[in-house]
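Q: Just the structure for this:
(chains A and B)
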Number of protein chains: 2
Amino acid sequence: MRKDPADLSRRINYKFTRQEFLDQALTHRSARKKNNERLEFLGDSILSLVITGYLFNEFENAQEGELSRLRSSLVKGEKLAELARKINLGDYMVLGTGELKSGGFRRSSILADTLEAVMGAVYLDSDFERCRKVILALYEDELINLSSSTSFKDNKTQIQEYLQSRQLPLPKYRVVELTGNPHDQTFIVECAATGLDMVITGTGSSRRRAEQHAASRILEKIKDE
Amino acid sequence: MRKDPADLSRRINYKFTRQEFLDQALTHRSARKKNNERLEFLGDSILSLVITGYLFNEFENAQEGELSRLRSSLVKGEKLAELARKINLGDYMVLGTGELKSGGFRRSSILADTLEAVMGAVYLDSDFERCRKVILALYEDELINLSSSTSFKDNKTQIQEYLQSRQLPLPKYRVVELTGNPHDQTFIVECAATGLDMVITGTGSSRRRAEQHAASRILEKIKDE
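A: Coordinates of the predicted model:
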């Protein structure tokens, strides 16, 4: 017995002005011609931008390739199906007889597509900003896990935060040696973290690179201890 | 000699509050570490949603597959490079010495990526709605061409519009025959377009399909004449 879509509205914390958008989003192509395929196409694109924008802001030090990898992990079908199951999306879908009999309401691909269609419907019924909030709320747990398990902060920043959190003095960096000719120089930088009783050097083709190298060696020592 | 990015702002009809976003968008990775790769990642996703939203609204009768094909043709690298050349984007880019010497400012892939980065920068500096307008203005000619060359209206709608534009009476459809057993019926529908002096039949497994078939046969005759 199919449940009232109004319950689903509560689950995603969005009340539709035009209920027919939600109805269409929940209708699989096996049920009728006016189904959710177009809305899925729209929703897929909205989801992608919302997640991209989130990652862009959250991981300031991540390169494009890392952002792309993270995004894939969040928008893939299996992840969407997982989120769809959390809100019991299968209970609200409209399937054709064949799909109903073969348990289509439990199939990951159908659940994922339908969730994207619901996102498309929210966007059509409101605007980008409102839809963005609905999507981020759906993804809340995933995004919290992601942020705590993923660090793209550079080495110097990571050490600085580590020391600040322990109210220890910040490290000092200084160039102790510079070798090579003007176009092929090697910097040796010393990082003194008095709070950790560590003085460690790093090398690199620029001052910045040498500092990051020294910082990375300190981070390794911290992790080892 | 690189031109002033303020001219580019005028060309895309968007004035940046934070000029540094535009500067970063114009900077290729060959020039420095703080380059446009992240902004390109963001811009790509914004462009995709803007074009998807446009196509979704413009082609109400297009299936998901058709929308997807149209979108690909609009966001592909060659198309972006073409738009980039129209606004002389190459004149404003910042390239490393190697890319400068090898003519990187004319290369399609670099032009396309930079244009996406500029879109990302506009989004960061404003919001989705404003960025959408900038992108649609950039694509104006392409979208006009697309709309006039592409029709996804169903056959009955096309005939109706054709007759209305000539102030002729609308066609009448009626089932003239129904054969087969209940689960395998064939409908024969007659379409009478008195304004065109045409009475034509169509067949199909449902009334709707038979009507569309009759309508398609009338459309063919109209096009032949």
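Q: Residue A:193 pairs with what?
A: Under the criterion DSSP bridges, residue A:193 forms beta bridges with residue A:198.
Q: Next, count neighbours for it.
A: Residues lying near residue A:193 (other Cβ atoms under 10 Å in any protein chain shown) number 23. C-beta: built from backbone N, CA, C; applies to glycine.
Q: Report pLDDT for it.
A: You'll see residue A:193 listed with a pLDDT of 92.
Q: before we move on, what about residue A:151?
A: On the pLDDT scale, residue A:151 gets 62.
Q: now residue A:158
A: 82.
Q: doesn't residue A:220 make contact with it?
A: No - if you go by Cβ atoms under 8 Å, residue A:158 and residue A:220 don't touch, sitting 11.3 Å apart.
Q: neighbour count winner among these two?
A: residue A:158 (18 against 12).
Q: What residues sit buried inside the host helix or strand of that one?
A: Using DSSP states H and E, residue A:158 falls within helix A:155-165. Residues A:155, A:156, A:158, A:159, A:162, A:163 are the ones in helix A:155-165 that count as buried (16 or more other Cβ atoms under 10 Å in any protein chain shown).
Q: show me the contacts for the second one.
A: So that's residue A:156. A:173, A:211, A:212, A:215 (Cβ atoms under 8 Å, 6 or more residues apart in numbering or on different chains).
Q: where does the first one land in three-state SS?
A: Okay, so that is residue A:173. In three-state terms, and counting by DSSP: H, G, I helix; E, B strand; the rest coil, residue A:173 is strand.
Q: tilt between the longest helix seen in chain A and helix B:37-58?
A: Longest among the helix segments of chain A by residue count, using DSSP state H, is helix A:37-58. Helix A:37-58 and helix B:37-58 meet at an angle of 160 degrees, taking axes from the mean of the first three to the mean of the last three Cα atoms, to 10 degrees as the criterion.
Q: on contacts alone, who are the packing partners of helix A:37-58?
A: Helix A:37-58 is packed against helix A:19-25, helix A:64-75, helix A:108-125, helix A:128-138, helix A:140-149, helix B:37-58, helix B:64-75, with contacts defined by 3 or more Cβ pairs under 8 Å, 6 or more residues apart in numbering or on different chains; DSSP states H and E.
Q: Of the ones you listed, which shows the lowest average pLDDT?
A: helix A:140-149 (a mean of 84).
Q: Let me see the domain layout of chain A.
A: A:5-149, A:155-224 (automatic domain parsing).
Q: Of these, which stretch is the most buried?
A: Counting by mean count of other Cβ atoms under 10 Å in any protein chain shown, domain A:5-149 has the highest mean neighbour count of the domains of chain A, with a mean of 18.
Q: ok now it, how far from the chain's centre?
A: Relative to its parent chain, domain A:5-149 has a centroid offset of 14 Å by Cα atoms, centre = their mean, to the nearest Å.
Q: just checking, residue A:16 touches residue A:125?
A: Yes - if you go by Cβ under 8 Å, residue A:16 and residue A:125 touch, sitting 5.2 Å apart.
Q: Name the residues contacting each of these two.
A: Both residue A:16 and residue A:125 are contacted by residue A:22, under the criterion Cβ under 8 Å, 6+ apart.
Q: Stretch A:178-192 vs chain B: in contact?
A: No - residues of stretch A:178-192 are not located near chain B by Cβ under 8 Å from any Cβ of the partner chain, the shortest gap being 12.1 Å.
Q: Can you give the distance of that stretch from its chain's centre?
A: On Cα atoms, centre = their mean, the centre of stretch A:178-192 falls 38 Å from that of its chain.
Q: Export it to PDB, keeping only CA atoms.
A: Extracted C-alpha coordinates of stretch A:178-192, given in PDB (Å, rounded to 0.1, in the frame of the first residue of the first chain):
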ATOM      1  CA  LEU A 178      70.700  28.400  -0.100                       C
ATOM      2  CA  THR A 179      72.600  26.600  -2.800                       C
ATOM      3  CA  GLY A 180      72.700  26.300  -6.600                       C
ATOM      4  CA  ASN A 181      72.600  29.000  -9.400                       C
ATOM      5  CA  PRO A 182      69.800  31.600  -9.600                       C
ATOM      6  CA  HIS A 183      67.600  29.400 -11.900                       C
ATOM      7  CA  ASP A 184      68.100  26.200 -10.000                       C
ATOM      8  CA  GLN A 185      68.200  26.900  -6.300                       C
ATOM      9  CA  THR A 186      67.800  24.600  -3.300                       C
ATOM     10  CA  PHE A 187      66.500  26.100  -0.100                       C
ATOM     11  CA  ILE A 188      67.100  24.500   3.200                       C
ATOM     12  CA  VAL A 189      64.700  25.700   5.900                       C
ATOM     13  CA  GLU A 190      64.700  25.000   9.600                       C
ATOM     14  CA  CYS A 191      61.500  24.700  11.400                       C
ATOM     15  CA  ALA A 192      61.700  25.200  15.200                       C
END
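Q: what's the helix or strand for residue A:189?
A: strand A:186-193.
Q: so what secondary structure elements neighbour that strand?
A: So strand A:186-193, by 3+ Cβ pairs under 8 Å, 6+ apart, packs with strand A:172-179, strand A:198-204, helix A:207-224.
Q: For these, which has the smallest mean pLDDT value?
A: Among the helices and strands packed on strand A:186-193, helix A:207-224 scores lowest, with a mean of 84.
Q: does any bit of it sit next to chain B?
A: No - using Cβ under 8 Å from any Cβ, helix A:207-224 stays clear of chain B, coming no nearer than 8.7 Å.
Q: Next, the angle from that helix to strand A:172-179.
A: Our comparison of helix A:207-224 with strand A:172-179, counting by the same axes, to 10 degrees, yields an angle of 120 degrees.
Q: Quick one: distance of helix A:207-224 to the chain centre.
A: 27 Å.
Q: I'd like to check the angle between it and helix A:155-165, please.
A: Calculated by the same axes, to 10 degrees, helix A:207-224 forms an angle of 50 degrees with helix A:155-165.
Q: Which residues does helix A:207-224 contact?
A: Surrounding helix A:207-224, the residues in contact under the criterion Cβ under 8 Å, 6+ apart are A:154-156, A:158-159, A:162, A:171, A:173, A:175, A:187-191, A:193, A:196, A:198, A:200-204.
Q: I'd say residue A:93 and residue A:110 touch.
A: Yes - counting by Cβ under 8 Å, residue A:93 touches residue A:110, with 7.2 Å between them.
Q: Determine the residues that are contacts of both of these two.
A: With Cβ under 8 Å, 6+ apart as the test, residue A:93 and residue A:110 both reach A:28, A:104.
Q: Pull up the gap between the residue lying farthest from the centre of chain A and chain B, please.
A: Ranking residues of chain A by C-alpha distance from their mean position (Cα atoms, centre = their mean) puts residue A:181 at the top, at 44.3 Å. As judged by Cβ to the nearest Cβ, to the nearest Å, residue A:181 and chain B stand 18 Å apart.
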